[in-house]
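1. need a structure here:
(2 chains)
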Amino acid sequence: GAGVSQSPSNKVTEKGKDVELRCDPISGHTALYWYRQSLGQGLEFLIYFQGNSAPDKSGLPSDRFSAERTGGSVSTLTIQRTQQEDSAVYLCASSPRRQTGLIYEQYFGPGTRLTVT
Amino acid sequence: GENVEQHPSTLSVQEGDSAVIKCTYSDSASNYFPWYKQELGKRPQLIIDIRSNVGEKKDQRIAVTLNKTAKHFSLHITETQPEDSAVYFCAASMGNNAGNMLTFGGGTRLMVKP
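-> The predicted model follows:
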């Protein structure tokens, strides 16, 4: 079936502008995550959505970052007043809920490469 | 919070040899440990995972071992092939409704020389 999709694949923006990144999770997956991968680095957790529960925003680096998930499916990550240090690949992942209620494997989208000039 | 350390950062092996990548974690509550392979410019792909109720899991040429007491887990690739060349990431998670996010290691760049 279709995997996680993200758009745009690449985004170049000027410092100070706002950007929106979109994620379409795998159909039926209840959990959705955003991660950031800076050049040559590992992945850094940003935010986590599970069903209709309040999101876990503990990884957001500043109040310029926000995310929402409408209808329990598509998610949008918004970065306001972008800075050069925001340049990175932003990855979205989704995860199914098992019968036990536990959530495990996460499947990643192709990412959005953000470049702030 | 959880902290995951991964070693080595780069690993070069000859085709056909074995490769071992090691990770340690800090939070004893972590109970799910996946490994991801990321080729250049591509998304991370889940290659194998292990839960804390088992000590070892194998899938063809790939195996993962977990030592809960020592809080470390390892990825073993046997009979390496050039197409195994990639960056490998380990991760740890509590795998429940609260705090299921993955904490990743820094990655290992594996190069398999033909």
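
2. For A:E44, which residues are in contact?
-> A:35-38, A:59, B:104 (C-beta atoms under 8 Å, 6 or more residues apart in numbering or on different chains). Using the backbone N, CA and C atoms, a C-beta is placed for each residue, glycine as well.

3. Restricted to strands, list those residues.
-> With strands taken from DSSP state E, the overlap with the contacts of A:E44 comprises A:35-37, B:104.

4. Which two of these have the greatest separation?
-> Spatial extent of those (C-beta to C-beta) is set by the pair A:R36 and B:F104 at 11.0 Å.

5. so what's the most centrally placed residue in chain A closest to, chain neighbours aside?
-> Residue closest to the average C-alpha location in chain A (C-alpha atoms, centre = their mean): A:W34, at 2.8 Å. Spatial nearest neighbour of A:W34, excluding adjacent residues (C-beta to C-beta, 6 or more residues apart in numbering or on different chains): A:L46 at 4.2 Å.

6. again, but for A:E68
-> In space, and not counting its chain neighbours, A:E68 is closest to A:T76: 5.7 Å by C-beta to C-beta, 6+ apart.

7. Only the buried residues of stretch A:45-52, if you could.
-> A:45-50 (16 or more other C-beta atoms under 10 Å in any protein chain shown).

8. send the alpha carbons of that stretch over as PDB?
-> Output of stretch A:45-52 as PDB, limited to C-alpha atoms (Å, rounded to 0.1, in the frame of the first residue of the first chain):
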ATOM      1  CA  PHE A  45      12.200  14.200  17.800                       C
ATOM      2  CA  LEU A  46      10.000  17.300  17.500                       C
ATOM      3  CA  ILE A  47       6.300  16.400  18.100                       C
ATOM      4  CA  TYR A  48       4.000  13.400  18.500                       C
ATOM      5  CA  PHE A  49       0.300  13.000  17.800                       C
ATOM      6  CA  GLN A  50      -1.700  10.000  19.000                       C
ATOM      7  CA  GLY A  51      -5.400   9.900  17.900                       C
ATOM      8  CA  ASN A  52      -7.400  12.700  19.500                       C
END
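
9. what about the chain, any weak spots by pLDDT?
-> No chain specified, so I'll use chain A. For chain A, the stretches with pLDDT under 70 are A:1, A:98-103.

10. you looked at the wrong chain, it should be chain B
-> Within chain B, the segments meeting pLDDT under 70 span B:95-99.

11. Spell out the residue ranges of the strands in it.
-> B:4-7, B:10-14, B:19-25, B:32-38, B:45-51, B:56-59, B:62-67, B:72-77, B:86-92, B:103-104, B:108-113.

12. Of those, give the one that comes closest to A:A2.
-> A:A2 lies closest, by C-beta to C-beta, to one member of the strands of chain B: strand B:45-51, at 15.8 Å.
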